[in-house]
Structures are given as C-alpha cells and as structure tokens.
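Q: sequence plus predicted model, see below.
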Amino acid sequence: MHVVFAAGGTAGHLEPALTTADALVQRDRTTAVSFIGGSRGLEAELVTARGYPLVATTAQPFPRRLSASAVAFPFLTIEGVWQAAAHLRAVSADVVVGFGGYAAVPGYAAAWLTRTPLIIHEANSRAGFANVLGAKWTKNVASVHPGVLARALPMGLPLRPSVAQLDVAEQRSAARQMWDLPDQGPVVLIFGGSQGARHLNDVVAGSIQALTDAGVSVLHAVGRNNLLPDPHPNYRPVAYIDHMDMAYAAADLVVCRSGAMTCAELTAVGVPAIYVPLPIGNGEQAGNSRPIVDAGGGLQVADEALTSEWLTTTALTLVQDEGRLQTMASAALCLGDRDAGEAMVRWVGDVVEQRRKGR
C-alpha cells in the first residue's frame, strides 16, 4: 500500500499528517508513504526530518490582491497539479490523504484527475480554501468540528503518541526537573505556536515580574525567530520546546494561541488554558477554542484585549484557586480524543480496501 499525504504550509497542517504516516507504517511496515507539498512552507524541514520523500510542487498561496503573483498563480497551480499527478502515477498511489493548507491543492486535484481515492480531514472550526475545494471531489470527508464541511464524519485530530499517551500526574516531577522548575508551586506554560508568539511575548514581558514575585514559575517558549529574554529566578525562557508532552505535564495553566493542534492536545491531556486566538485567516482560531471555553475547560481573550495587567490578574486568580483549576482540567479532558490517530489509520485502510474491492 502506498499512501500519499497532501498537506503543507504550517505545522498545524503537517503534524497530523506526519503522525498518521508514522502510525500507518508502525501498523504495517510494508506501507510506503510520500508527501506532496509546496516549496515555501515547513514541509522541507518537517517531512524530510521524519525520513519521508517530499514532492515539492509549484503550489502558491491563494492571492489576496492583484499582483504579479496573482497573474502567475493559475499557471503555477496547473503546473503543480501535473507534478502531483505524475507522482501519483509513478508510485501507483492507493490513496491521497489531505490535511489542508494551500500546498495540498495540487495533490487534491491530482487525486481527482487520476481517480485515486481522496480523504480530507479538517481540523479547524472553519474550513480553509483547500479543504472546501477538495471536499467537492470526494465522499471521504471528516472534521473535528460539526457542520464545517458537508457530509463530514466526526473525527478528532491525530495526536503524536507522546501526547496521546501522556500521564500528566506521573510525569509532572520529571517534567519540572527538565527545565529546573520547582517541584512544588504553580507553573504557567506560555507559547505562541509557529505564527503567533510576538504579541504574547510583549505582553508576558510586562507580567513576568509580578507573576514570579507571587511565587509563580513560568516556562516561556518565545519562538525561534524572536530575541531570547534573560532568565531570572522562576522564569525559564526558551526559543522552542521539543518535548511539548513534558511541558504540558509541568504546567498547571497554559497561555497559548488557539490552533487546532494546540486545542486538541490540551484537551487530550486535560490542562486548562487561557486561549488567545490569533487574529488572522477566517476567524477559525476563535472557533477552535470556543467549545473548550463553553465547557469550562479554559478562558478566551481577544488578542487586542490581552494586556500585561489582564494577564497578571487573571493568571494569578486561576493558579491560586486549585479547586477551580482542577474543575477546568476535568472539563477540558472530557472533550479530548486520544484515539483519533487509531481511527484515522483504520479509515485509511478501509478506503484502500474498498478501492481494491471495486466499491
């Protein structure tokens, strides 16, 4: 069986695809996997690091205004589709599995052209252009949030095993030792994801002194492209966190954006959060965390309303109320789905089997 994944642009589109690819290979070592993506996103870094071949097409983001890029867009897209179709034919692909992003469009169109079964998974509360388009070419559609795509099956987001299998209580002490955090006392984890760290960093800079003076320890991922602040007692700034599972285990409260992967992981492990949706795109981030907030598993504040004073007051109020934190953690955990990866693998297998039987 050869499974081709179509995804790219950001880690939010690529990570669930990579997780599913790993699970498929682990289930059956004879399964072959390759990726179709673009040349401008994180594909080259993330896909090749996992050892999977990548076909980088000429896919481009959908132009928002008239420009030279807009004129070239249809020609580059057509070229990308032919590149993707050539790959599907060359490997005799059994199925194309897509998780969205502009770089997925050539793979989706190529699947339709070559009559290769296509699976679409939408993680966000509002579907992006690629998945809206791709969903018109297949009956195999799933989404995390209801009503996002027509006829979509409900299915959670595949999570990396380190998170899906995490026992927060069991790993807490080891997790705190990893960053030299106190074994006792509240810990707040702050990160902005691959796109949204800068404003959070500015707000946190004005809150750190008050938080640490109150006995709160802070683990802060500032982002690889941002200046690393100086550490001081109870404040641990890092450029990037490689072991997010252990960061979650160390934390009593998280301050973060509302990316689909972040929301899925925090509910799976049951850690309460203050969500600050990134104000870009079509508003999908606000919708991603809204069900968690409505269930009592977190708070949500608009990016423009987030200030150092608000963060200090709100974070201190929460971490100093252990009963409330436990209630929020339980509410978040009730929405989590640790088995979505297994469900995704079964679904891919079923679609391939149906094709082989001529259904």
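A: Cool, got the structure.
Q: quick check, pLDDT for the residue nearest to the spatial centre of the chain.
A: For the chain, Met261 is the residue whose C-alpha lies nearest the centre (C-alpha atoms, centre = their mean; 2.8 Å). Looking at Met261, its pLDDT is 95.
Q: tell me which residues touch it, please.
A: By C-beta atoms under 8 Å, 6 or more residues apart in numbering, Met261 lies in contact with Ala11, Gly12, Glu15, Pro16, Ala123, Leu157. For the C-beta atoms, the positions are set from N, CA and C on the backbone; glycine is no exception.
Q: do the same with Val293
A: Applying C-beta under 8 Å, 6+ apart, we find Val293 in contact with Tyr275, Leu299, Gln300.
Q: of those residues - the most surrounded one?
A: Compared across these, Tyr275 has the highest neighbour count, 25 neighbours, by other C-beta atoms under 10 Å.
Q: roughly how far does it sit from Leu333?
A: 16 Å (C-beta to C-beta, to the nearest Å).
Q: go on, Asp321?
A: As for Asp321, its distance to Leu333 is 18 Å (criterion: C-beta to C-beta).
Q: can you tell me the SS state at His13?
A: Using DSSP: H, G, I helix; E, B strand; the rest coil, the three-state assignment for His13 comes out as helix.
Q: then the one 4 residues further on?
A: With three-state DSSP as the basis, Ala17 sits in helix.
Q: quick check: it touching Ile36?
A: No: shown here, Ala17 and Ile36 do not form a contact pair, counting by C-beta atoms under 8 Å, at 10.4 Å.
Q: between these two, who's got more neighbours?
A: Ile36 (34 against 29).
Q: about what we covered before: looking at the contacts of Met261, which is nearest Trp137?
A: Checking the contacts of Met261 against Trp137 by C-beta to C-beta gives Ala123 as the nearest, at 19.0 Å.
Q: excluding covalently adjacent residues, which one is nearest to that closest one?
A: Nearest non-adjacent residue to Ala123, counting by C-beta to C-beta, 6 or more residues apart in numbering: Ala260, 3.7 Å away.
Q: cool, and Arg126?
A: The shortest distance from Arg126 to any non-neighbouring residue, by C-beta to C-beta, 6+ apart, is to Glu284 (4.2 Å).
Q: hang on, isn't that neighbour packed against Phe129?
A: No: counting by C-beta under 8 Å, Glu284 does not reach Phe129; the two are 11.9 Å apart.
Q: of these two, which one has the most company?
A: Neighbour totals were compared for Glu284 and Phe129, and Glu284 leads with 22 against 15 (other C-beta under 10 Å).
Q: check contacts around the more buried one.
A: The neighbours of Glu284, taking C-beta under 8 Å, 6+ apart as the test, are Asn124, Ser125, Arg126, Gly128, Ala260.
Q: how close does the third one sit to Ala286?
A: Relative to Ala286, Arg126 is positioned 9 Å away (criterion: C-beta to C-beta).
Q: the two: which has the busier surroundings?
A: Per other C-beta under 10 Å, whichever of Arg126 and Ala286 has more neighbours is Ala286, with 20 against 16.
Q: my read is the more buried one is in a helix, agree?
A: Yes: assignment of Ala286 by three-state DSSP places it within a helix.
Q: pLDDT wise, what is Glu170 at?
A: 96.
Q: in the longest helix anywhere in the chain, what counts as buried?
A: The longest helix of the chain (DSSP state H) is helix 68-91. In terms of neighbour count (16 or more other C-beta atoms under 10 Å), helix 68-91 has its buried residues at Phe73, Leu76, Thr77, Gly80, Val81, Gln83, Ala84, Ala85, His87, Leu88, Val91.
Q: surely the fifth one touches Leu113?
A: By that I understand Val81. Yes: with contact defined as C-beta under 8 Å, Val81 counts as touching Leu113 (7.0 Å).
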